[in-house]
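Chemist: My questions are about this predicted structure, shown below with the sequence.
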2 protein chains.
Amino acid sequence: MSQRRQELLDLSARLFAERGYGATTVRDIADEAGILSGSLYHHFQSKEEIVDEILSTFLDELFTSYREVMAQDLGARQKLEAVVVESFECIDRHHAAVAIFQNEAKKLAQSARFSYLNDRGREFRELWQQILQDGVRTGAFRPGLDIDLVFRFIRDTVWVAVRWYQPGGRLSAQTVAAQYLDILLDGIAARRGRSRVANGIQTPKEKQRA
Amino acid sequence: MSQRRQELLDLSARLFAERGYGATTVRDIADEAGILSGSLYHHFQSKEEIVDEILSTFLDELFTSYREVMAQDLGARQKLEAVVVESFECIDRHHAAVAIFQNEAKKLAQSARFSYLNDRGREFRELWQQILQDGVRTGAFRPGLDIDLVFRFIRDTVWVAVRWYQPGGRLSAQTVAAQYLDILLDGIAARRGRSRVANGIQTPKEKQRA
DNA sequence: CCTCCTACCTAGCAAGTGCTTGGTAGGGTA
DNA sequence: TACCCTACCAAGCACTTGCTAGGTAGGAGG
């Protein structure tokens, strides 16, 4: 993979994230790169190939780290914490790709070329629902949870954060993840007899390093 | 307002929600209506006017009901409950308009015609943050909450539900609202010595009726 | 020196885009 | 009868879209 090609991918990802895939023209991309639109076709076969490569690269990395977490011997609550942290770190590292995925996946997945988006979505759901079910079974999470509903709440809240989260901004991915887990696990209502301070959540990776 | 015009607005809203505003052509709308694209311009001055009317009608109604809630003499927790319920009911009633707002507001708001979207966004944020601040001050919500962060979590989770919520489906807007509030207020973690059963949250309106 | 390769340019095509212009059928009103 | 109004059609214009075909500058390797 040539360096120039990677530059064009990064730059395209930024524009797709900002303006949307459909609203970004090949001329926009070329302008940003300082070349003419036709010259893009020396590097890529089509506009679709660009967004395809952006998304599949990102998804491959995300699911690799998800599977690492799931392979570890952890309780449901720790798995949930680890996966949430992993997700926010992914938003941090692949900000543009996550934004594109959020905004365009539904439309793109209708085309055969992007059918893997549906597969990933299914794997994603099964992974989260397994964590939730395990947690309810072992007593980590409270009984009677509507797994389907809780899954959607978590999924949406985590990933939609890409709309306002800024890598390198006031809040680090780890801080946001910790605060989010705090709300998700214990709620925002006041309560007595229990410390509610952010309690130093660690990813499995960090525990390994320590 | 002619009846035909309202039909065209509803139909356009559906298409904009499904395919996106930019990706829906005036020919798509006309086809769906069984007329030719040029004929649309008898009813509307432009494609922008269509989406403008869809969004402003929806937002006017939403903020009317929000202001009703805020005018009532309620504690922070009840206000939060009422506003969440009101929001989910709004998703139920104006499904297409909410979806359009979610997906297109950011881009549209850049144009002068849609500057009111920014105003609404600001009023929206101030309203929610006031509830959260009151709640922390009066002890209804736990101290030390990052108001800014919590606001974004709530806002995103409530409104992004439009992506999967189906009016007339398995879950009613009230059920979803109740379960969501249950998670938001008390979390999903197991805990002893307190009933965690869904606890019959009522909107102020329902309390008036009762 | 010659050949090849990478990265680009020039010019343009076919298919669409929002929107305009001039016209018409059919119903209500005076 | 004469007129007007609403709701539409027919045709097309100016522009933008993704993409293509053929060409070129400059460096690497024999």
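Modeler: Arrived safely, thanks for sending.
Chemist: Check residue A:188 and give its pLDDT.
Modeler: Here the pLDDT value assigned to residue A:188 is 88.
Chemist: Tell me who's in contact with it.
Modeler: Taking CB atoms under 8 Å, 6 or more residues apart in numbering or on different chains as the contact definition, residue A:188 lies against B:135, B:141-142, B:145, B:150, B:184-185. In this view, the C-beta of every residue, glycine as well, is placed from N, C-alpha and C.
Chemist: mind checking how far stretch A:8-19 is from the chain centre?
Modeler: On the basis of CA atoms, centre = their mean, to the nearest Å, stretch A:8-19 is displaced by 17 Å from the centre of the chain it belongs to.
Chemist: Flag every buried residue along stretch A:153-168.
Modeler: Neighbour-count burial for stretch A:153-168, with 16 or more other CB atoms under 10 Å in any protein chain shown as criterion, is recorded at A:153-163, A:165.
Chemist: Mind checking which of these are in helices?
Modeler: Within the buried residues of stretch A:153-168, membership in helices is found for A:153-160, as judged by DSSP state H.
Chemist: Could you list which of these also contact chain B?
Modeler: With the criterion set as CB under 8 Å from any CB of the partner chain, the members of those near chain B are A:153, A:156-157, A:160.
Chemist: which pair in those spans the largest distance?
Modeler: A:153 and A:160 (10.8 Å; CB to CB).
Chemist: Which one of the buried residues of stretch A:153-168 is nearest to residue B:49?
Modeler: Nearest to residue B:49 among those: residue A:163, at 27.3 Å, using CB to CB.
Chemist: Tell me if I'm right that the closest one and residue B:159 touch.
Modeler: No: look at residue A:163 against residue B:159 with CB atoms under 8 Å: they stay out of range, at 10.7 Å.
Chemist: Roughly how far does residue A:46 sit from DNA strand C?
Modeler: Using CB to the nearest atom of the strand, to the nearest Å, one obtains 14 Å as the distance from residue A:46 to DNA strand C.
Chemist: same thing with residue A:144?
Modeler: 48 Å.
Chemist: again with residue A:83
Modeler: Relative to DNA strand C, and taking CB to the nearest atom of the strand, residue A:83 is found at 39 Å.
Chemist: What's the local residue count around that residue?
Modeler: Residue A:83 has 23 neighbours, counted by other CB atoms under 10 Å in any protein chain shown.
Chemist: Look up the closest residue to it, ignoring the ones flanking it.
Modeler: Taking CB to CB, 6 or more residues apart in numbering or on different chains, and ignoring the residues beside it in sequence, residue A:83 has residue A:69 as its nearest neighbour in space, at 5.6 Å.
Chemist: Could you report the pLDDT at the one you found?
Modeler: pLDDT, residue A:69: 95.
Chemist: thinking residue A:88 is in contact with residue A:171, fair?
Modeler: No: the pair residue A:88 / residue A:171 is not scored as a contact, 9.7 Å apart, by CB under 8 Å.
Chemist: More neighbours: those two, which one.
Modeler: residue A:88 (25 against 18).
Chemist: Check which helix or strand that one maps to.
Modeler: helix A:76-93 (DSSP states H and E).
Chemist: Quick check: mean pLDDT of that helix?
Modeler: In this model, helix A:76-93 has a mean pLDDT of 96.
Chemist: Show me what it is in contact with.
Modeler: By CB under 8 Å, 6+ apart, the residues outside helix A:76-93 that reach it are A:58, A:61-62, A:65-66, A:69-70, A:72, A:74, A:98, A:127-128, A:131-132, A:134-135, A:138, A:140-141, A:154, A:158-159, A:161-162, A:165, A:167, A:172-174, A:176-178, A:180-181, A:184-185, A:201, A:203-204, B:189.
Chemist: Distance of the closest residue to residue A:156 other than its chain neighbours relative to residue B:143?
Modeler: Spatially, and ignoring its direct neighbours in sequence, residue A:156 is nearest to residue B:160 (4.3 Å; CB to CB, 6+ apart). Counting by CB to CB, to the nearest Å, the gap from residue B:160 to residue B:143 is 28 Å.
Chemist: now swap in residue A:64 and tell me
Modeler: Counting by CB to CB, the separation of residue A:64 from residue B:143 is 40 Å.
Chemist: for chain A, which spans come out with low pLDDT?
Modeler: A:1, A:192-210 (pLDDT under 70).
Chemist: tell me which parts of chain A are close to DNA strand D?
Modeler: When proximity is defined by CB under 7 Å from any atom of the strand, chain A lies next to DNA strand D at A:24-27, A:37-38, A:41, A:45-48.
Chemist: Buried ones among those?
Modeler: With burial judged by 16+ other CB under 10 Å, the buried subset of the residues of chain A next to DNA strand D is A:24, A:26, A:47.
Chemist: now, which of these sits nearest DNA strand C?
Modeler: Out of these, the one with the shortest distance to DNA strand C is residue A:26. That distance is 9.3 Å, counting by CB to the nearest atom of the strand.
Chemist: Once you drop chain neighbours, what's closest to that closest one?
Modeler: residue A:37 (4.7 Å).
Chemist: Residue A:124 now?
Modeler: Nearest-residue entry for residue A:124: residue A:155, 7.4 Å, with adjacent residues in sequence omitted and distances by CB to CB, 6+ apart.
Chemist: and if you look at residue A:70?
Modeler: Ranked by CB to CB, 6+ apart and with sequence neighbours excluded, the top spatial neighbour of residue A:70 is residue A:127, at 6.5 Å.
Chemist: Look up which helix or strand the residue nearest to residue A:143 when sequence neighbours are not counted falls in, please.
Modeler: By the measure of CB to CB, 6+ apart, the closest residue to residue A:143 outside its immediate chain neighbours is residue A:136, 6.0 Å from it. Per DSSP H and E: residue A:136 is located in helix A:116-138.
Chemist: Distance from the chain centre to that helix, please.
Modeler: Its chain's C-alpha centre and that of helix A:116-138 lie 14 Å apart, by CA atoms, centre = their mean.
Chemist: just to revisit the earlier point, looking at the contacts of residue A:188, which is nearest DNA strand D?
Modeler: Distance to DNA strand D across the contacts of residue A:188 (CB to the nearest atom of the strand) is lowest for residue B:150, with 39.0 Å.
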